[in-house]
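Visitor: quick one, fold the following:
(2 chains)
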Amino acid sequence: GQNIDQPTEMTATEGAIVQINCTYQTSGFNGLFWYQQHAGEAPTFLSYNVLDGLEEKGRFSSFLSRSKGYSYLLLKELQMKDSASYLCAVTFLGFSSGSARQLTFGSGTQLTVLP
Amino acid sequence: GAVVSQHPSWVICKSGTSVKIECRSLDFQATTMFWYRQFPKQSLMLMATSNEGSKATYEQGVEKDKFLINHASLTLSTLTVTSAHPEDSSFYICSARPSATGYNQPQHFAQPQHFGDGTRLSIL
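Guide: Coordinates of the predicted model:
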């Protein structure tokens, strides 16, 4: 199966650090993406992990453990504008579409940053 | 950076109307584009994979005859919602991944999908 689980909602305070977890059960795992989506807008790319370890990009970092089927997105020095939905998405070998490498999305984690 | 343009951004029309949505990759070529649908407070659900020069691949439960997809060039895919009804009201989003060299190689998989701004479709 391709179950991708992440918490529905999280709340944090401005300036704090928050970690959003994502677990997945998928065969043919090829890579994991994190996207940010503000209400009514399209998702924007944040990070990509294919090997175990931590990828750092400014205030955002993403970690992957392939053996555990686990990833997290770490947001540091939270700002009000970080309030958004964070989507964990996994690529897998889509047999019906050949090598298209479809993305399967989790349900998203709605993060609210409080002042 | 890679830009995907989606048009129109907002449509309101009567039941029974057909609506065409365009998705263009502005500064890169995309042999494959994806069409998603998103209901309020839910995640993106893949509807179909659009392949340039060939038929689209539809996900289970998506009606091919209702959601017509055409990918006539490396930079344009269109989704036509035929005879739309109120239950088709949703947020439709397209995405495209740059066609990197070494197709099927790791650098291709690392290319993220870039999303259009979405089309909010409301059927009265």
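Visitor: CA only for contacts and neighbour counts going forward, please
Guide: OK.
Visitor: where along the chain do the strands fall?
Guide: Since no chain was named, I'll use chain A. All strands of chain A, identified by DSSP state E, fall at A:3-5, A:9-13, A:18-25, A:29-37, A:44-49, A:53-57, A:60-65, A:70-75, A:84-92, A:103-105, A:109-114.
Visitor: was after chain B, sorry
Guide: For chain B, applying DSSP E gives strands covering B:4-7, B:10-13, B:19-25, B:32-38, B:45-51, B:57-58, B:67-73, B:76-81, B:90-96, B:114-115, B:119-123.
Visitor: rebuild the strands of chain A as TSV, extending it with distance to chain B, mean pLDDT and mean neighbour count.
Guide: Shown next, in TSV, are the strands of chain A (distance: least, C-alpha to the nearest C-alpha, whole Å; pLDDT from 0 to 100; neighbours: other C-alpha atoms under 10 Å in any protein chain shown):
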stretch	distance to chain B	mean pLDDT	mean neighbour count
strand A:3-5	11	89	17
strand A:9-13	11	97	15
strand A:18-25	14	95	19
strand A:29-37	8	91	22
strand A:44-49	7	92	19
strand A:53-57	13	93	14
strand A:60-65	15	96	20
strand A:70-75	16	97	21
strand A:84-92	8	92	24
strand A:103-105	6	87	22
strand A:109-114	9	97	19
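Visitor: can you list the ones you listed in JSON lines and add distance to B:Ala72?
Guide: Shown next, in JSON lines, are the strands of chain A (distance: least, C-alpha to C-alpha, whole Å):
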{"stretch": "strand A:3-5", "distance to B:Ala72": "33"}
{"stretch": "strand A:9-13", "distance to B:Ala72": "41"}
{"stretch": "strand A:18-25", "distance to B:Ala72": "35"}
{"stretch": "strand A:29-37", "distance to B:Ala72": "28"}
{"stretch": "strand A:44-49", "distance to B:Ala72": "26"}
{"stretch": "strand A:53-57", "distance to B:Ala72": "37"}
{"stretch": "strand A:60-65", "distance to B:Ala72": "37"}
{"stretch": "strand A:70-75", "distance to B:Ala72": "37"}
{"stretch": "strand A:84-92", "distance to B:Ala72": "25"}
{"stretch": "strand A:103-105", "distance to B:Ala72": "23"}
{"stretch": "strand A:109-114", "distance to B:Ala72": "36"}
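Visitor: for A:Leu75, find the nearest of the strands of chain B.
Guide: Comparing these by their distance to A:Leu75 (C-alpha to C-alpha), the top pick is strand B:114-115, with 21.6 Å.
Visitor: which helices and strands does the closest one pack with?
Guide: Strand B:114-115 is packed against strand A:44-49, strand B:90-96, with contacts defined by 3 or more C-alpha pairs under 8 Å, 6 or more residues apart in numbering or on different chains; DSSP states H and E.
Visitor: just to revisit the earlier point, mean neighbour count added to the strands of chain B, as CSV?
Guide: Listed next are the strands of chain B as CSV, based on neighbours: other C-alpha atoms under 10 Å in any protein chain shown:
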stretch, mean neighbour count
strand B:4-7, 20
strand B:10-13, 14
strand B:19-25, 21
strand B:32-38, 23
strand B:45-51, 24
strand B:57-58, 18
strand B:67-73, 19
strand B:76-81, 22
strand B:90-96, 26
strand B:114-115, 25
strand B:119-123, 20
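Visitor: out of these, flag the one nearest A:Ala89.
Guide: In terms of C-alpha to C-alpha, the element of the strands of chain B nearest to A:Ala89 is strand B:45-51, at 11.2 Å.
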